[in-house]
Structures are given as structure tokens and as C-alpha cells.
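1. Attaching a predicted model along with its sequence, questions to come.
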Amino acid sequence: MPTKIEKDATTGQDTTGHEWDGIKELNTPLPKWWLYTFYACIAWGLAYTVLFPSWPTLSGHFGGTSGWTRRGELAETLAAQKAAQADTRAKIVATPIEEIRKDPALMGYVQAAGRVAFADNCAGCHGAGGAGAVGFPTLADDDWIWGGKPEQILQTITYGVRNANENSRISDMPRFGADGMLTAAQIGDVADYVLSLSGTAADPAVLERGATLFAENCAACHGEKGEGIQDMGAPRLSDGIWLYGGDRKMVVETITYARRGSMPAWSERLDPATVKVLATYVHALGGGQ
């Protein structure tokens, strides 16, 4: 049924035909300023979709005629920041870490840039602040598999551990159980002896057998008393610090199957200045030698 349109007796304005409790709705035109603003917004919206990235397409999106993108703007901002830091970063590359640590200006930059680079590239494995996790060494203590001196840390970060890089640090622990080099009973004796090196008590007869087996199979890498040999990447076994856990079950598992964790060669992913910043930052976490 069509809506009845009539004029309001008081204003002379057309009504919409709607009435509620005796109150009739007027069909009052929108103000000119509002209409002009609305039309201007439509025009601006259409112009925007032509100038800037907007409409989706089957293969992506319309890129706009202006050539501007937020990603491009970010790239320009990052490039400008990199250019502003170029002198400082070049100086870091050319300066030994020991000297960087003595330079307040360079060390201030390292602390700020290193915190960001570490969070972006290292914290996922080594934890915030280098706290470490199972299978990932703590970087804030003084127990280092490959050495905690500045140049040793730089070498490890630059080329990584057990990866395809020709300069990667390599250590290869035998799988004493999986490859049949020792029996399960012998592995148990060795595990008990290894745990005794950090104060765990065991049967003297077991320790005697374990000591003999350790001397024959393990001491060449880990040292006669389990003190570790950093040049070989063999961890110390006498300090109660364990990368994969120090209970008997985990030690037996390590001896049986070995551990062969890998670390990327960060020189293949990061520029030399960032690698140097990371090495200096890691050394300053509190455990550097």
C-alpha cells in the first residue's frame, strides 16, 4: 500500500507519511553543506583508490598510480636510519670487541642495537637475556662449550655450529648405544660415573667400571676429569650444568644417541656489523670470559 504524502500544516513541508502517536515525520532535505561534504568524501575516496593501493584483483591488488606503498615508505625510513648509523657501524666492524667495550659511545650503541638484534634472531632459542633452554646453551653464565672470549663468541656466531658452512664449528659425539659401541649396562656405568663428577653418589664398584670406560671412550674429548675441551666443543661434565638435562635418564640418553644440535651461520643472514654487535652484546650479558 503506497505511503500517503501530505504537507505539514505548520511548516508547509512535505511529510514522509510516517506518523507515531500523532507526530508526523517531515521529509526535510539535508543541509547543503552536509551534502557537499558527503559528495567531496565520495570524490576523495574514488581518487584515493586510483592513486594508492586499493582494490583486490585475482592476482593481487591494484597498486595505484602514485607508486606509493607503506612497505616502500618503511624501506625508505630504514634506509635513512641505516645511512645515519653507517659511520658507527663501520667503526664497530673495524674495532676489536675488547676496544668496543672500552668506548662508552660504541658500547651504548651495541647495547641498544644488540638488544633488538638478539630479540629478533637469538631469543627464540636462547631465551630473553640469554637465559637458555633445554638444548640451547645459557649465554649469561660462565660455562661455554666453544669458549666465551670475545673472538670465540664472534667465531661461533659468524659461522655457527654443525651446519653446511665450511667454517662451521664441528663436534661429533659418537652414538655409543645406537651404534653398538657400548652395551646398555656399560652406558649405565658411564652415566653414573659422569654424574659422580658433579657430586652425585653411586656404588664404588659401578664408579670403578664407569671410570675405566670413561677413560677409554670419553676422556679424549671431555678431559680426564670431565673438565671439557673447548677447542673440540666438548662440554665440561664436572660442573652440574647440563644442556639437555642432568638426571640419569637424560645422561644415559645422551650417551646412547648423542646430541647434535645445530646453530646457523649468522654471517649468511646478517651483515658484519650486526654480527659484531651480537657478539659484543652476548659477551656483555654477564658470562663472557
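-> Sure, I can see it.

2. And residue 20, its phi and psi?
-> phi -130, psi 120 (degrees, to the nearest 10).

3. Equivalent analysis for residue 279, please.
-> phi -60, psi -40.

4. neighbouring strands for the lowest-mean-pLDDT helix or strand in the chain, and are they parallel or not?
-> Sorting the helices and strands of the chain by mean pLDDT, DSSP states H and E puts strand 15-20 at the bottom, at a mean of 84. Partner strands and pairing direction for strand 15-20 (DSSP bridges) are strand 23-26 (antiparallel).

5. next helix or strand past the partner strand?
-> With elements assigned by DSSP states H and E, the helix or strand that comes after strand 23-26 is helix 32-51.

6. hmm, back to that, buried sites along the least confident helix or strand of the chain?
-> By neighbour count with 16 or more other CB atoms under 10 Å, strand 15-20 contains the buried residues residue 15. Every C-beta, even on glycine, is put in place using the N, C-alpha and C of the backbone.

7. Can you give the distance from it to the centre of its chain?
-> 65 Å (CA atoms, centre = their mean, to the nearest Å).

8. so where do the helices sit in the stretch 151-289 of the chain?
-> Taking DSSP state H, counting those that start in this stretch, the helices of the stretch 151-289 of the chain run over residues 184-196, 204-217, 219-222, 248-257, 272-283.

9. Out of those helices, the one nearest residue 155 is which?
-> Closest approach to residue 155 among the helices of the stretch 151-289 of the chain is made by helix 272-283 (8.6 Å; CB to CB).

10. so where do the strands sit in the stretch 51-200 of the chain?
-> Counting by DSSP state E, counting those that start in this stretch, the stretch 51-200 of the chain has strands at residues 56-57, 60-61.

11. Please tabulate those in TSV, including the columns mean neighbour count and distance to residue 49.
-> What follows is the strands of the stretch 51-200 of the chain, written out as TSV (neighbours: other CB atoms under 10 Å; distance: least, CB to CB, whole Å):
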stretch	mean neighbour count	distance to residue 49
strand 56-57	8	11
strand 60-61	9	11
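
12. Turn these into a markdown table, columns for mean pLDDT and distance to residue 169.
-> Formatted as a markdown table, these follow (pLDDT from 0 to 100; distance: least, CB to CB, whole Å):
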| stretch | mean pLDDT | distance to residue 169 |
| --- | --- | --- |
| strand 56-57 | 91 | 48 |
| strand 60-61 | 89 | 43 |
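
13. Okay then, goodbye and thanks.
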